[in-house]
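In: mind folding the following:
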Amino acid sequence: MGHRRIVTRYLLASRVLMSALVLCWASQASASVFGDIRGIVFDPQHRAIAGANIRVRSKSSDFVKNIQSDAAGQFLFRAIPIGEYTITIEAAGFKSIEQPITVVSGSVSVLSFRMTIAPLSQRVDVVATNETAQMDSPTPITLIGRQEIAHTPGSDRTNSVAFITTYVPGSYLTHNQLHVRGGHQVTWLIDGVPVPNTNIADTVGAQFDPKDIEYLEVQRGSYSSEFGDRTYAIFNVAPRNGFERQRGAELLLTYGNFNQTNDQFNFGSHTKRLGYYGSITFNRSDYGLETPTEEVLHAQTKGGGGFASLIFNLSSKDQLRFVSGARRDFFQVPNDTNNQALGINDEQRETDVFTNFSWVHTFNTKVLLTVAPFYHFNRADFVGGPAAVAVSARNRRASNYAGVQTSLSFLTGRHNAKAGFFGFYQRDSNFFGLRGDDPNGVPISLEQSQKLSGNLEAAFAEDQFKPNTWLALTGGLRFTRFQGALTETATNPRVGIAINVPHLRWVLHGFYGRYYQAPPLSTVSGPLLELALRKGFDFIPLRGERDEEHQFGLSIPLRGWIIDTDYFRTGTKNFFDHNQLANSNIFFPLTIERARIRAFEITARSPLLFGRAEFHLAYSRQKIEGQGAVTGGLTDFSPPADFFLLDHDQRHTLSTGLLINLPSRAFASTTIRYGSGFVDGDNSPNHLPGHTLIDVSFGKNFGEKWLLAIQAVNVMNRRFLLDNSETFGGTHFVEPRQIYVEVKYRFHY
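Out: Modelled structure (predicted):
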């Protein structure tokens, strides 16, 4: 059995490592972290109220803006950061009004307030929001706040994506890769500025620590032309910025089984013009990556990082925003019992550094300019060992990205027009090495270094047109040019519609769009290509993925509940997937000729129930199929003649739970996760058995300074086979039960 493992390890490594240095898709996004609020104020006779005082205040910080209505009773707030707010309207002789509102990026919230005559004793009317989410946009959006991240079980761990898989339908983690809507290519933005990363398949660490997030805006398809080409999801991070505290600091210490810690020290403060936030984190655990057996062997992880955010209002028309972060992570690649006995000691080391700077200039109430230069460095270093056993591999890749994003927005009575540019230059340095003996005892020694460069430019223009209060039309065009190992261009149209059904306030939305995702920079050449040819393989150049999406859905507000449903179908040419390095949890990309993804999704969020509890649900029924041969990369995969199920196909994915505010400043939370099972390896179309997991958390504040919490993931400790695709994914078991205690101390400096 041990010899068979060695042979299998060599054969898989010699095939898959031929495609080493192949990179994932280019991140193309041009987005903002702002939305606009527009409205009108009138009296009981429907006459405009001029000079009314309107205030917008954040629910999670001290951010506030004030304005007065004009002679026509109208008002407009520009460049409001994404998040949850309370809007207050006050006018002499009228009852004051308060209403909650949620702001999402790139949209205009249109409000109408009818004020009533004030009685002798003044009071405030608190109005339940009559605005449905994304009323002007066909894009399904999920907004996740800092408190939800902190209270949802397992979500605030450093490398966790539980805050995504809990609230976003069709999202799950398998073979240590986040999948959303049937694909892997997601875009991360910080403060609305993209963090380009063309190497997703060979990194397993998270780029952002969940504890540094104020809000996460998740967009799932139906993107405007402004928002790039990552078909499967866009994650727009609004970081903590100091506006939630005054010279305040927090020390968070955790400890749990597997000797895990997720520690952080953060601090921040603000004035009327300046807000700043900084953090230092450290994490370690004896369980990191998913294991190939139930037993946890050689699975340690540790890392550390820092994060900083700065907002400065230079004047009433100019705002400067700066965000920077750095992380280093170390992962042991888990072993099975045979590899452990052989002394296999594979490791993955990762480094990530980014810096974004934004200048937001308001020319007037109609025109807004954003200019944002950025830099990103990312390195992945896979170290196989020891060389004395079978084949030892080394794959070290470092990427530098430098670019800029600009956008110009024109807001008029019926039009919200935008135009902009996004582009970056990329420089990669790659090293590949292979040492050891083949099954016949013939020594193998191969080393290859490459330095590659490329660039991407994208320009977009679009208009969101509202001919009346119940209809919104979106149309745009995005042109992309990529130059690397090859040169490609794409011109992609996108159109959408949102219809607000009168009286019901239900919103029907539909969308059609095309996308282009640029290919990796790397090629196979030199000794690596020669070895591949001797083994009977050839390298097929990787081309960009081209997608076509159809989507329609319905948003229903019902007594404070928001229920969103949608159906989408995505057709793909040159679908991105990946192959594994032996059973190592490390992957290299390839492309499949065609793919199609079809899904029905539903999300539900409740108002505050019984004054204490909030319910959430995210469900997806999807089918993910590929067709045709591999069109890029090195592989001997022989596909069926017709459509076949891809390894991460899971028909039913459900996450639901409650967040409960208990008396005495305590909280409790529970999450139930269900999956119907992924494809059963070579037994497709059969699927692995379904599974249900339960997570819980409980916490209590003691005074203003102390918080004590306990969180548990997979409480019942159900260990089962999660996926077993030898072709693309590998063999992995679900994470074991993890229980950890958190102690948070708050103080002022």
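In: for the host helix or strand of Tyr375, packing partners?
Out: Assigned by DSSP states H and E, Tyr375 belongs to strand 367-383. Strand 367-383 sits against strand 193-194, strand 347-362, strand 391-411, with contacts defined as 3 or more Cβ pairs under 8 Å, 6 or more residues apart in numbering; DSSP states H and E. (C-beta placed from N, C-alpha, C; glycine too.)
In: quick one: it to strand 391-411, angle?
Out: Interaxial angle, strand 367-383 versus strand 391-411 (axes from the mean of the first three to the mean of the last three Cα atoms, to 10 degrees): 180 degrees.
In: paired strands for strand 367-383, with orientation please.
Out: Take DSSP bridges as the rule and strand 367-383 pairs in its sheet with strand 347-362 (antiparallel), strand 391-411 (antiparallel).
In: ok so, going back, can I get the helices and strands packed on strand 367-383 in a markdown table including mean pLDDT and distance to Pro607?
Out: Output for those, formatted as a markdown table (pLDDT from 0 to 100; distance: least, Cβ to Cβ, whole Å):
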| stretch | mean pLDDT | distance to Pro607 |
| --- | --- | --- |
| strand 193-194 | 90 | 33 |
| strand 347-362 | 94 | 33 |
| strand 391-411 | 90 | 31 |
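In: what mean pLDDT does stretch 320-329 get?
Out: Stretch 320-329 carries an average pLDDT of 96.
In: also stretch 425-442?
Out: pLDDT averaged over stretch 425-442 gives 81.
In: how many neighbours does the closest residue to Gly248 other than its chain neighbours have?
Out: Closest residue to Gly248 apart from its sequence neighbours, by Cβ to Cβ, 6 or more residues apart in numbering: His748 at 5.7 Å. Per other Cβ atoms under 10 Å, the neighbour tally for His748 reads 12.
In: part of a helix, is Ala341?
Out: Yes - counting by DSSP: H, G, I helix; E, B strand; the rest coil, Ala341 is part of a helix.
In: give me the pLDDT value at it.
Out: pLDDT, Ala341: 88.
In: and it, how far is that from His298?
Out: From Ala341 over to His298 the distance is 11 Å, taken as Cβ to Cβ, to the nearest Å.
In: again with Asp43
Out: Distance from Asp43 to His298, by Cβ to Cβ: 72 Å.
In: which of those two has more neighbours?
Out: His298 (19 against 16).
In: what's the spacing between that one and Tyr287?
Out: Separation of His298 from Tyr287 (Cβ to Cβ) stands at 11 Å.
In: the helices in this structure, which residues?
Out: Ranges of helices in the chain, per DSSP state H, are 2-16, 146-151, 162-165, 337-342, 526-534.
In: could you list the low-pLDDT ranges of the stretch 101-250 of the chain?
Out: 120-135, 200-201 (pLDDT under 70).
In: try the stretch 451-600 of the chain
Out: Filtered on pLDDT under 70, the stretch 451-600 of the chain yields the residue ranges 522-539, 580-588.
In: what do His298 and Tyr287 both touch?
Out: Common contact partners of His298 and Tyr287 (Cβ atoms under 8 Å, 6 or more residues apart in numbering): none.
In: find the nearest non-adjacent residue to Thr656, please.
Out: Leu617 (4.3 Å).
In: what's the burial count for the one you found?
Out: Neighbour count for Leu617, taken as other Cβ under 10 Å: 17.
In: which residues touch it?
Out: For Leu617, the contact set (Cβ under 8 Å, 6+ apart) comprises 602-604, 654-656.
In: and which of the residues you listed is nearest Asn686?
Out: Nearest to Asn686 among the contacts of Leu617: Leu654, at 20.7 Å, using Cβ to Cβ.
In: so how far is Phe42 from that closest one?
Out: 45 Å.
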